[in-house]
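Visitor: here is my input; please provide its structure:
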Amino acid sequence: MKIKCAKQDFIESLQSVQGIVGAKAPIQILSNVLLEAEGKDLLLTATDLEVGIRRRIPAKVERKGAITLHAKRLLSILRELPVAEVALEATDGKDAEIRYDASYFKMFCLPKDDFPKLPQFDKGGALKLPRGPLADLIRKTHYAVSHDESRYVLNGLYLLLSKGSARGVATDGRRLALCDIPADIPEGEDRGSSSLQRRSLNSAGSSSGRRPRRGRRRGGIRCRCFSARRRPRFRWATARWSPDWWRATSRTTSR
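Guide: Residues are numbered from 1 along each chain as shown. This is a model prediction of the structure:
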């Protein structure tokens, strides 16, 4: 395997899979990212056996192949490189070299056959949703997802796809968040419902850099939030500092 690609694209792709790669993975290879060079692209794959992510970036592929490298170490090396293009080469599948000018880094590889395979989906039944509204839906509902592992059915976002709209619902038993966004779904082709797990929401919600908007209706998005009980509100009082404060204090004390 031998490739050349833009350093910035490589770093952004590794940062997107960083939340999936576990710091203390039960299996060593789960701390690695799978790199596959094919055609004119470099495919990056990471998983923790519960959530998987796959990214594709353009690259100059001189020799095809696939290797697995430690994700965090690879990211730390790429950040320190003073070049705009990175050259990665692996010959025997056991070691990989990252070269620039007269310097190089050598990293240990694990066999690609030991990396868990992600499930394959039928692209014919895929449905495209606008990126911005979908990211807003996730950000406006993910806070209500339950963190209680004993209630697994509440540990995700319930996504309902129907004619002309997509609805997201999340609850932890105390509060309920609901948000609707427009979706181009023809009549008679309802895609049913599905549950998106909490860890996958964190990765999908961060794909858009825009902050969530406040209000009940903005840009065609309708959002409603309910709470089972009200929490007390606290008001904070601020005081300005005065150079004579100690005089007032001593005068009050003497009295």
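Visitor: for L14, give me phi and psi.
Guide: Phi and psi for L14, reported as degrees, to the nearest 10, are phi -70, psi -40.
Visitor: now it: how far from L74?
Guide: 6 Å (Cβ to Cβ, to the nearest Å). Where you see a C-beta, it was placed from the backbone N, CA and C, and this is true even at glycine.
Visitor: what is in contact with these two at once?
Guide: Among the neighbours of L14, those also in contact with L74 (Cβ atoms under 8 Å, 6 or more residues apart in numbering) are V33.
Visitor: Three-state assignment for R199, please.
Guide: The assignment at R199 comes out as helix when based on DSSP: H, G, I helix; E, B strand; the rest coil.
Visitor: list the contacts of it.
Guide: Contacts for R199 were tallied using Cβ under 8 Å, 6+ apart; they are 19-20, 48, 50-51.
Visitor: identify the farthest-apart pair in the residues you listed.
Guide: Across the contacts of R199, no pair lies farther apart than G19 and E50, at 12.2 Å, counting by Cβ to Cβ.
Visitor: settle it for me: which of these two has more neighbours?
Guide: Neighbours around G19 and E50, counted as other Cβ atoms under 10 Å, are more numerous at G19. The numbers are 16 against 11.
Visitor: closest one to D113 out of the contacts of R199, please.
Guide: Comparing those against D113 with Cβ to Cβ places D48 closest, at 18.8 Å.
Visitor: I'd say the closest one and L30 touch.
Guide: Yes - checked against Cβ atoms under 8 Å, the pair D48 and L30 is within contact range at 5.9 Å.
Visitor: could I get the contacts of R199 as JSON lines with pLDDT, distance to N155 and secondary structure?
Guide: Rendered in JSON lines, the data for the contacts of R199 read as follows (pLDDT from 0 to 100; distance: Cβ to Cβ, whole Å; DSSP: H, G, I helix; E, B strand; the rest coil):
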{"residue": "G19", "pLDDT": "74", "distance to N155": "16", "secondary structure": "coil"}
{"residue": "I20", "pLDDT": "78", "distance to N155": "17", "secondary structure": "coil"}
{"residue": "D48", "pLDDT": "83", "distance to N155": "15", "secondary structure": "coil"}
{"residue": "E50", "pLDDT": "78", "distance to N155": "11", "secondary structure": "coil"}
{"residue": "V51", "pLDDT": "81", "distance to N155": "12", "secondary structure": "coil"}
